[in-house]
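Asker: got a sequence here, can you model it:
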Amino acid sequence: MELIQQDPDIDAYLAAGEAVDHEHPRVREVADRLSAGHPGAHGYAEAAFAYVRDAIPHSMDSGDPRVTWRASDVLELRTGICYAKTVAYAALLRARGIPAALCYQRLADDDGSHPVVHGLTAVLLPGERAWARQDPRGNRPGVDTRFSLGEERLARSVRPELGEVDYPLLHAEPHPAVLAALRAARDRPHLDRILPAALEPIGPEPIGPEPIGPEPIAPEPVRLP
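Answerer: Model (predicted):
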């Protein structure tokens with residue numbers, strides 16, 4: 001699958017934003033600590049991935065009720081769902097001048113029910129000609145994500161026959177539907193009920209086939225991969 005930049009200007013994927021607030025002192029402190037032991041871009045990107053994956057529990061796995069969406073809050077509170085963790089990873093990459101984007105999958109249960117949008121981070125390292133998607137959601141039994149510039153090591157590969165989708169569009173900030181759910185949630189159990197089940201196109205390119213079913217929001221609590 002070819003990944004498509006929503007913004008053709010690479011500087012958009014280096015900028016600080018409301019969610020990817022990489023100029024925040026907390027983000028800078030973590031970035032400085034990681035880069036001290038990993039000065040090269042590749043080593044730093046892999047170390048930052050491992051940090052977000054392993055040191056920040058996925059709140060659905062840990063049962064933490066708090067909802068985070070700014071990178072600085074994710075790193076300070078050490079909690080978040082996949083969307084929040086991808087934002088934190090993107091911020092750590094941009095803090096060291098490495099272009100980073102947010103991208104998404106639409107995943108479902110084994111029978112195609114309960115679709116939900118899952119968040120990923122894409123990285124463009126110096127010397128590389130293509131973006132590489134990474135999944136820092138955190139490992140658990142049945143999930144083994146790893147940093148990779150070659151074969152993807154994500155939590156899940158999509159199954160098109162079940163209506164699952166890889167959305168190719170690369171976002172500089174979280175998709176509006178994702179950010180709206182995070183900001184509206186009173187707590188993580190509430191967030192479970194309002195997670196987006198699909199994403200509407202917001203760029204010049206189509207971002208995947210039409211979702212199955214009319215519901216734009218997951219109809220009941222679901223478990224992200």
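Asker: then the lengthiest helix in the chain to PDB, C-alphas only?
Answerer: Longest helix of the chain, by residue count under DSSP state H: helix 41-55. C-alpha atoms of helix 41-55 as PDB (Å, rounded to 0.1, in the frame of the first residue of the first chain):
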ATOM      1  CA  ALA A  41      18.200   8.900  13.900                       C
ATOM      2  CA  HIS A  42      17.500   5.200  13.400                       C
ATOM      3  CA  GLY A  43      18.600   4.200  16.900                       C
ATOM      4  CA  TYR A  44      16.600   7.100  18.400                       C
ATOM      5  CA  ALA A  45      13.500   6.200  16.500                       C
ATOM      6  CA  GLU A  46      13.700   2.600  17.600                       C
ATOM      7  CA  ALA A  47      14.400   3.600  21.200                       C
ATOM      8  CA  ALA A  48      11.500   6.100  21.300                       C
ATOM      9  CA  PHE A  49       9.200   3.400  19.800                       C
ATOM     10  CA  ALA A  50      10.200   0.900  22.500                       C
ATOM     11  CA  TYR A  51       9.700   3.600  25.200                       C
ATOM     12  CA  VAL A  52       6.200   4.400  24.100                       C
ATOM     13  CA  ARG A  53       5.300   0.800  23.600                       C
ATOM     14  CA  ASP A  54       6.700  -0.500  26.900                       C
ATOM     15  CA  ALA A  55       6.800   2.300  29.400                       C
END
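Asker: quick one: residues in contact with it.
Answerer: If you take C-beta atoms under 8 Å, 6 or more residues apart in numbering as the criterion, helix 41-55 is touched by 30-31, 34-35, 37-38, 78, 85, 88-89, 92-93, 96, 98, 123, 125-126, 134, 136-139, 145, 147, 149. For every residue, glycine as well, the C-beta is placed using N, CA and C.
Asker: stretch 7-24 too?
Answerer: By C-beta under 8 Å, 6+ apart, the list of residues contacting stretch 7-24 reads 5-6, 27-28, 31, 69-72, 87, 90-92, 94-95, 97, 99-102, 124, 170, 172-174, 179.
Asker: no further questions, thank you.
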